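Visitor: got a predicted model here, sequence first, then my questions.
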Amino acid sequence: MAATIEEEDKVMATAKKIVESLNTSKEDMIMIFSRFDNRLSNITSLISGADGGDCKKGVGDDDDDPLVAAEKLILRWESEPESSRLWEESPNEAAEYLAAVDELLKLTEDSSDEDDIEDRDRAEIAIQLAMSRLEDEFRHILIRNTLPLDADRLYGSIRRVSLSFASHDGEIEDFESFGEEIEGYCHERGASLGDDLCVDLVHPDAVVELKEIADRMIRAKYEKECCQVYSSVRRDVIDECLSILGVEKLSIEEVQRIEWRSLDDKMKKWVQSVKVGVRVLLVGEKRLCEHLFEDSELIQEVCFVETAKGCVMQLLNFGEAVAIGKRSSEKLFRILDMYDVLANVLPDLEELFGGESGKVVCSEARGVMDGLGLAAIGTFVEFENAVQGEASRKPIQGGDIHPLTRYVMNYVKLLVDYSDSLNALLENSVDESGDSQRDDGDLPAECKSLFAQRLLSLIKSLESNLEEKSRMYEDGAMQYVFLMNNILYIVQKVKDSELGKLLGDQWVRKRRGQIRQYSTSYLRASWTKVLSCLKDEGIGGSTSNASKVALKERFKNFNACFEEIYRIQTAWKVPDAQLREELRISISEKVIPAYRSFMGRFGNHLESGRHAGKYIKYTPDDLENYLSDLFEGTPGVLNLTRRKST
């Protein structure tokens, strides 16, 4: 207790000395001191209770004393209204103010003799007043000179280079609906972001002023207050930037309740926000910290971590919510985008948060990245199972390409863009489970990665499923048309993409051989009966004495068979123009010569008789023209009158 009384007496004596030296009234001093913390506000009661005679105005003999001059300048600004801004209203005097602070700091640092104790105490009181002013000025300058960051400026920094991140603009429907939108799903990759993308966060002129203030506050042991002001202001700015980028503060439960289309949009914005947030905002923030607090790495670290940690954790919380959310095939690409972007920025995060206080941020980032990787593999496995087990029983009209084929092949085509990531994730999952599921007999020697094996297995599952679906058609010929359409579509998707390099030429040649076999089987199933009408057997004799009755029956049967095929197979769909034309040529090469030969041998037996047009309805050229109508997907009807050859 005695020590406290002695200390208060000492402070009171120092305050009274300041009043006398500065020619300042007791009332002014009470007003100034009462604005600050308890250490100074308590002085007011001491001054008020002191003998007024002890606080008479001095004669100003100490005006040339550096301590008195510094005190006077600092106290003069404390008597100004609170709205007064030193650096705004009097930039020249701001330099004098800093010089006064330097003088006071020098006194506190150099005073060691007993005779200097009183001056040091006075200097410390004045420094406390000055620090409060500098803290306020620091906050005001930082707020006023923060450069505006709108969406165009933030995204503009990204568009200056091609990114090494996945970015997709299309939409993916649920697997069950076999949405074809996946074909428009765009994937771009390129070079990584460079340092030239860092944007100025604070006006350069203001940075100089802020550094001057920060240097004095740190020198006066007010680094904690300086860091608190800096972090609170900059945190708000970064939060606003995240809001501009479309990042919302959502709990894990809220994220998991969002319907897919809205979630897809948020995941896409999240990927962009991580790029901008880490490579632009946080890099810029780190540089600003390093410049303002260049004399202390510890202060740089504390200020940066306190400023940036909330932003990173908000982004990571969303990533975690996606990682543990419900799995569905349409999410896989976005999850992989999120995984890739975290994997790409993780080295940057480890550099930015390299100190002890930032370890928790890096640890959280690695954890969320690993969670997204597990979610990606789990979703991929579910997709494999869905392809294998898809059991829709409704045949596709006209034998056209099945939506399952379109969906799976476009899905797989996009997966190749993520082959590096998926292969690494699959290898890790194999290391953990010990199950490699090797099946690489059809793969080229240079492409036997685990990812290639899984794609091969996936496409085999699709082909097996298509075989099953072909059996839903009662018409055997249509089964082969269906298989030709779908296998050709698979081959084209493989050949026209990176899948071709992954699966190899041998794989493509094998499937093309299958298509030729299906074509041969189609011709046999469809046209054997037609061609049997054009054989000599059963006509009753040689060409010269063939039975007219038998010939009439043969032409009648041929016409009926051809017209039936025409009616049915014009409604069948072969979407690939080359395959469609090849099928027509194959049919023509078998049917037209046989018909022309048959007519040449037996046509004159009927042409001279009555109602010859009833039996010989078509010329070879007529048939050729009619064959060009097949496989267009539109049912056709033959005119019963004979078509004239063109």
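Guide: That came through fine.
Visitor: now Ser231: how far from Ile213?
Guide: For Ser231, the distance to Ile213 (C-beta to C-beta, to the nearest Å) stands at 15 Å. Where C-beta positions appear, they are placed from N, C-alpha and C, glycine not excepted.
Visitor: of those two, which one has the most company?
Guide: More neighbours surround Ile213 than the other of Ser231 and Ile213, with 27 against 20 (other C-beta atoms under 10 Å).
Visitor: in which helix or strand would I find that one?
Guide: Using DSSP states H and E, Ile213 sits within helix 204-219.
Visitor: and that helix, how far out from the chain's middle?
Guide: 38 Å (C-alpha atoms, centre = their mean, to the nearest Å).
Visitor: could you name the helices and strands sitting against that helix?
Guide: Applying 3 or more C-beta pairs under 8 Å, 6 or more residues apart in numbering; DSSP states H and E, one finds that helix 204-219 contacts helix 91-110, helix 117-144, helix 223-244, helix 283-292.
Visitor: can you redo the ones you listed as TSV with distance to Leu502 and mean pLDDT?
Guide: Listed next are the helices and strands packed on helix 204-219 as TSV, based on distance: least, C-beta to C-beta, whole Å; pLDDT from 0 to 100:
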stretch	distance to Leu502	mean pLDDT
helix 91-110	66	87
helix 117-144	54	89
helix 223-244	38	93
helix 283-292	36	92
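Visitor: make JSON lines out of these and add distance to Lys510.
Guide: Output for those, formatted as JSON lines (distance: least, C-beta to C-beta, whole Å):
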{"stretch": "helix 91-110", "distance to Lys510": "80"}
{"stretch": "helix 117-144", "distance to Lys510": "68"}
{"stretch": "helix 223-244", "distance to Lys510": "52"}
{"stretch": "helix 283-292", "distance to Lys510": "51"}
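Visitor: which one, of these, ends up nearest to Phe304?
Guide: Closest of the helices and strands packed on helix 204-219 to Phe304 is helix 283-292, at 4.5 Å (criterion: C-beta to C-beta).
Visitor: now for that closest one, which elements pack on it?
Guide: Using 3+ C-beta pairs under 8 Å, 6+ apart: helix 283-292 touches helix 204-219, helix 223-244, helix 297-323, helix 332-352.
Visitor: among the ones you listed, which comes closest to Pro66?
Guide: Among the helices and strands packed on helix 283-292, helix 204-219 sits nearest to Pro66 (C-beta to C-beta), with 16.4 Å.
Visitor: restricting to C-alpha, output the closest one in CSV.
Guide: Output in CSV follows, covering the C-alpha atoms of helix 204-219 (Å, rounded to 0.1, in the frame of the first residue of the first chain):
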residue,chain,number,x,y,z
PRO,A,204,1.3,3.9,-51.4
ASP,A,205,1.6,7.4,-49.9
ALA,A,206,-0.4,6.3,-46.9
VAL,A,207,1.9,3.3,-46.4
VAL,A,208,4.8,5.7,-45.7
GLU,A,209,2.7,7.5,-43.1
LEU,A,210,1.5,4.3,-41.5
LYS,A,211,5.1,2.9,-41.3
GLU,A,212,6.2,6.1,-39.5
ILE,A,213,3.5,5.8,-36.9
ALA,A,214,4.1,2.0,-36.5
ASP,A,215,7.8,2.5,-36.0
ARG,A,216,7.1,4.9,-33.1
MET,A,217,4.5,2.7,-31.5
ILE,A,218,6.7,-0.3,-31.6
ARG,A,219,9.7,1.6,-30.3
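Visitor: pretty sure Ser461 is in a strand, no?
Guide: No - Ser461: not assigned to a strand; according to DSSP: H, G, I helix; E, B strand; the rest coil it is helix.
Visitor: can you give me the neighbour number for it?
Guide: Close neighbours of Ser461, defined as other C-beta under 10 Å, add up to 18.
Visitor: need the contact list for it.
Guide: Residues near Ser461 by C-beta atoms under 8 Å, 6 or more residues apart in numbering: Glu384, Val387, Gln388.
Visitor: give the buried residues for stretch 247-267.
Guide: By neighbour count on 16 or more other C-beta atoms under 10 Å, the buried set for stretch 247-267 is Val247, Leu250, Val255, Ile258, Trp260, Leu263, Asp264, Lys266, Met267.
Visitor: and the residues you listed as a markdown table, adding secondary structure, pLDDT and distance to Thr619?
Guide: As requested, these are exported to a markdown table (DSSP: H, G, I helix; E, B strand; the rest coil; pLDDT from 0 to 100; distance: C-beta to C-beta, whole Å):
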| residue | secondary structure | pLDDT | distance to Thr619 |
| --- | --- | --- | --- |
| Val247 | coil | 90 | 73 |
| Leu250 | coil | 91 | 74 |
| Val255 | helix | 93 | 71 |
| Ile258 | coil | 94 | 67 |
| Trp260 | helix | 92 | 59 |
| Leu263 | helix | 95 | 64 |
| Asp264 | helix | 95 | 59 |
| Lys266 | helix | 95 | 66 |
| Met267 | helix | 95 | 64 |
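Visitor: would you point out the most distant pair within those?
Guide: Using C-beta to C-beta, these span at most 18.7 Å, a distance reached by Val247 and Trp260.
Visitor: so Glu78 touches Arg133, yeah?
Guide: Yes - using C-beta atoms under 8 Å, Glu78 is in contact with Arg133, at 6.9 Å.
Visitor: with adjacent residues omitted, what lies nearest to Gly373?
Guide: Leaving out its chain neighbours, the residue that sits closest to Gly373 by C-beta to C-beta, 6 or more residues apart in numbering is Leu425, at 4.9 Å.
Visitor: now Glu225
Guide: Leaving out its chain neighbours, the residue that sits closest to Glu225 by C-beta to C-beta, 6+ apart is Glu135, at 5.3 Å.
Visitor: in the protein, where is pLDDT below threshold?
Guide: Within the chain, the ranges that satisfy pLDDT under 70 run 1-64, 80-84, 111-116, 150-199, 430-447, 540-546, 607-613, 639-646.
Visitor: middle-most residue in it, spatially?
Guide: Centroid check for the chain by C-alpha atoms, centre = their mean gives Val271 as the closest residue, at 3.4 Å.
Visitor: that residue: what secondary structure?
Guide: Reduced to three states by three-state DSSP, Val271 is helix.
Visitor: my read: it touches Met338, true?
Guide: Yes - when contacts are counted by C-beta under 8 Å, Val271 is listed as touching Met338 (6.0 Å).
Visitor: now do the shared contacts for those two.
Guide: Both Val271 and Met338 lack any common contact, where contact means C-beta under 8 Å, 6+ apart.
Visitor: which strands and helices sit next to the host helix or strand of Lys493?
Guide: Using DSSP H and E, Lys493 sits within helix 476-495. Judged by 3+ C-beta pairs under 8 Å, 6+ apart, the packing partners of helix 476-495 are helix 403-415, helix 450-470, helix 499-503, helix 505-532, helix 577-607.
Visitor: winner for burial among these?
Guide: Of all these, helix 403-415 has the most neighbours on average by mean count of other C-beta atoms under 10 Å, namely a mean of 22.
Visitor: any idea which helix or strand comes after it?
Guide: Using DSSP H and E, the helix or strand that follows helix 403-415 in sequence is helix 419-433.
Visitor: contacts for that following helix?
Guide: Applying C-beta under 8 Å, 6+ apart, the contact partners of helix 419-433 are 336, 339-340, 343, 373, 376-377, 380, 415, 436, 449-451, 454, 498, 502.
Visitor: report the inter-axis angle for that helix versus helix 403-415.
Guide: In terms of direction (axes from the mean of the first three to the mean of the last three C-alpha atoms, to 10 degrees), helix 419-433 departs from helix 403-415 by 100 degrees.
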